[in-house]
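# okay, predicted coordinates and the sequence, questions at the end:
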Amino acid sequence: MTDKVVVTEGRFTDVSHRLIGKGGEGEAHLAIRYNHQTQQIVDRFVSKNSQTWLIDIRDPWWVQDDGGVYLPMEIMAMKTLASTKSPKCKHIVGVRGWHSAIQQGLYRIHTEYCPYGNLSQVVKLFADLTENIHENGVAEDENEIAHIPEPALWYILEAMCDAGLTMEFGACNGARDPDWEKILHRDIKPKSIFLGEPNESYPHYPTPKLGDFGLAIFETDADHQDFYAEGSEGYCSPEQTVHSPIGDEDSSEDGSEYGSDLKRRQAELDSKDNDTKIKDNDDTKIKDNDDMKMKDDEDDTMETDSNASDDSWIPIGEAPDSGVPIFLNAKGTLKRPKLTMATNVFNVGICIMNMMNQHSNATAILDWESALNDGTPPFSDAAIAKYSRVLMRTVRACVRYRPSDRCTFTDLKARINRHTAGPTRLGFVNQPYEWNYDRAESMRRNGAPMNVATLHDIGSFYDPYSIGAQFDPEVFESEEGLFGAQ
């Protein structure tokens, strides 16, 4: 048994627990430590219990730390992120401690408590408002919905960008740790983004914090077949879903699920190749209308890094009549894509897009099981009417079908600063820019305190378990669920 727990100790204190959530990776309990004499809360944290069996030492779900101790990957990911040098990223849920029992495959992880719930509750709040609008006959057309304010979306996007930079480089301020192992979250969605106490960046909003690292892996392990086809429906990137994980890359044995699937997709390619001759200098690639209009916009130019790599999909030809990419490996057969940091970028982008569209599956209409798909998830008509083209272009840059076509977190950070920071450069933007608009509507740094009414509210928030508050353990243990946007 490995044991590391860091919680507030003190005389005359007891701990009360209550279940606050269940999922495929385990269940979570809120723990309140209180003084049983004064009935005042002195500490609170969340304990998550999970079970992941270690089949053998090559199992990528359990990894060795620097001391040679095997830890579940969820603990290892949060432990690694907590070890980053200052300044710490304030947009990742902090780890307080952990227990693990490798023989039983059991572990418990203690994290900070985010008192305002998670973003899925905010999404539900606006969905309910939209339903009320239509039920009461206020809406003039079906596209009229209660939108999450654009400044809040810029803040959430920036917060997840900082979390992404930390997972990629070990820091969110532009520094790079040469020994850092990149972390892929693989399950970024509103339910995995928790809401903590507000900070000075956007004082009007709770602080978004990325948590729930139950599906996290190191990028160096991303070739393992167990790591494909995992994630939450509606939030997965194409490379997470487009190929079956069963079998080897070039397997084609009869009876193999992956082999038969590969044969079907290879037949699609062969059929397309018979109909179309692809020339090296073909210049008839079709762009979408927005890209044609914005081709000279600096946001559509990758000025910093690229997500292209030797392990990315390689588009060796494109069909002139459709612009559809064909991804092949060196042997001329379909290449199973590797999960990279571009996967994190897509997960962040599709999370924001789904919140803009006010539904949970912008990818539903895309046939990513086809070898000939080059779809980019679409915005709804209501989102197009409501949000700025700058925000839509920024999000769209994250959700391109091919990993190599997506922006990186470094470039994304520069774009966000360019459009929300005002005249002062922030972060690691290397070039001075002229800002014509502040898309965050002065909510960055200058916003009203939380729960002071503005035009950009995302709900009112209440923390019943603040430090020093009076506490009744019997009432607490009889309650269910997390508090969030009301």
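Structure received.
# any idea of the mean pLDDT in the helix or strand harbouring R33?
Here R33 sits within strand 26-35, counting by DSSP states H and E. What strand 26-35 shows for mean pLDDT is 90.
# same question for stretch 75-87.
89.
# same question for it: list its buried residues.
75-81, 84 (16 or more other CB atoms under 10 Å). Every C-beta, even on glycine, is put in place using the N, C-alpha and C of the backbone.
# circling back: which residues sit against the strand holding R33?
7-8, 10, 12-22, 40-51, 110, 113, 214, 465, 471, 473, 476, 482 (CB atoms under 8 Å, 6 or more residues apart in numbering).
# 7 Å - rerun?
With contacts defined as CB atoms under 7 Å, 6 or more residues apart in numbering, strand 26-35 is touched by 7-8, 12-21, 40-51, 113, 465, 471, 476.
# so which of those sit within strands?
13-21, 40-51 (DSSP state E).
# any regions of this protein where pLDDT drops low?
1-12, 24-25, 53-60, 134, 137-144, 222-229, 242-337, 359-375, 422-437, 480-486 (pLDDT under 70).
# follow-up on the earlier one: neighbouring strands - and their directions - for the strand holding R33?
strand 13-23 (antiparallel), strand 40-51 (antiparallel) (DSSP bridges).
# out of the ones you listed, deepest packed?
Most buried of those by mean neighbour count (mean count of other CB atoms under 10 Å) is strand 40-51; its value is a mean of 19.
# send the alpha carbons of that strand over as PDB?
Extracted as PDB, the C-alpha positions of strand 40-51 are listed here (Å, rounded to 0.1, in the frame of the first residue of the first chain):
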ATOM      1  CA  GLN A  40     -17.400  25.300  12.100                       C
ATOM      2  CA  ILE A  41     -15.900  24.000   8.900                       C
ATOM      3  CA  VAL A  42     -12.100  23.900   8.900                       C
ATOM      4  CA  ASP A  43     -11.400  22.100   5.600                       C
ATOM      5  CA  ARG A  44     -13.100  20.400   2.600                       C
ATOM      6  CA  PHE A  45     -11.800  18.200  -0.200                       C
ATOM      7  CA  VAL A  46     -13.000  15.600  -2.600                       C
ATOM      8  CA  SER A  47     -12.100  11.800  -2.400                       C
ATOM      9  CA  LYS A  48     -12.500   9.700  -5.600                       C
ATOM     10  CA  ASN A  49     -12.500   5.900  -5.300                       C
ATOM     11  CA  SER A  50     -11.600   3.900  -8.400                       C
ATOM     12  CA  GLN A  51     -10.500   0.400  -9.400                       C
END
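# ok, and what's touching whichever helix or strand comes after that strand?
Moving toward the C-terminus from strand 40-51, the next helix or strand (DSSP H and E) is strand 62-64. Here strand 62-64 makes contact (CB under 7 Å, 6+ apart) with 54, 70-73, 76.
# among those residues, which one lies nearest to I384?
Lowest distance from I384 to the contacts of strand 62-64 (CB to CB) belongs to M73, with 39.3 Å.
# any idea how far C236 is from that closest one?
Noted for M73: a distance of 18 Å to C236, by CB to CB, to the nearest Å.
# tell me the secondary structure at F346.
Three-state call for F346 (DSSP: H, G, I helix; E, B strand; the rest coil): helix.
# confirm for me that it is in contact with S237.
Yes: with contact defined as CB atoms under 7 Å, F346 counts as touching S237 (3.8 Å).
# what about the helices in the stretch 101-250 of the chain?
Applying DSSP state H, counting those that start in this stretch to the stretch 101-250 of the chain gives helices spanning 119-135, 150-169, 238-241.
# repeat that for the stretch 301-450 of the chain.
Under DSSP H, counting those that start in this stretch, the stretch 301-450 of the chain gives helices at 341-357, 381-386, 389-396, 409-420.
# deepest of those, which one?
Highest mean neighbour count among the helices of the stretch 301-450 of the chain (mean count of other CB under 10 Å): helix 341-357, a mean of 25.
# output it in CSV with nothing but the alpha carbons.
The C-alpha trace of helix 341-357 is given here as CSV (Å, rounded to 0.1, in the frame of the first residue of the first chain):
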residue,chain,number,x,y,z
MET,A,341,-1.3,17.0,-28.2
ALA,A,342,-3.5,17.9,-31.2
THR,A,343,-6.0,15.6,-29.6
ASN,A,344,-6.1,17.8,-26.5
VAL,A,345,-6.5,20.8,-28.8
PHE,A,346,-9.5,19.3,-30.5
ASN,A,347,-11.1,18.2,-27.2
VAL,A,348,-10.9,21.8,-25.9
GLY,A,349,-12.2,23.3,-29.2
ILE,A,350,-15.2,20.9,-29.5
CYS,A,351,-16.1,21.5,-25.8
ILE,A,352,-16.4,25.3,-26.5
MET,A,353,-18.2,24.6,-29.8
ASN,A,354,-20.8,22.4,-28.1
MET,A,355,-21.4,25.1,-25.5
MET,A,356,-21.8,27.7,-28.3
ASN,A,357,-24.2,25.4,-30.1
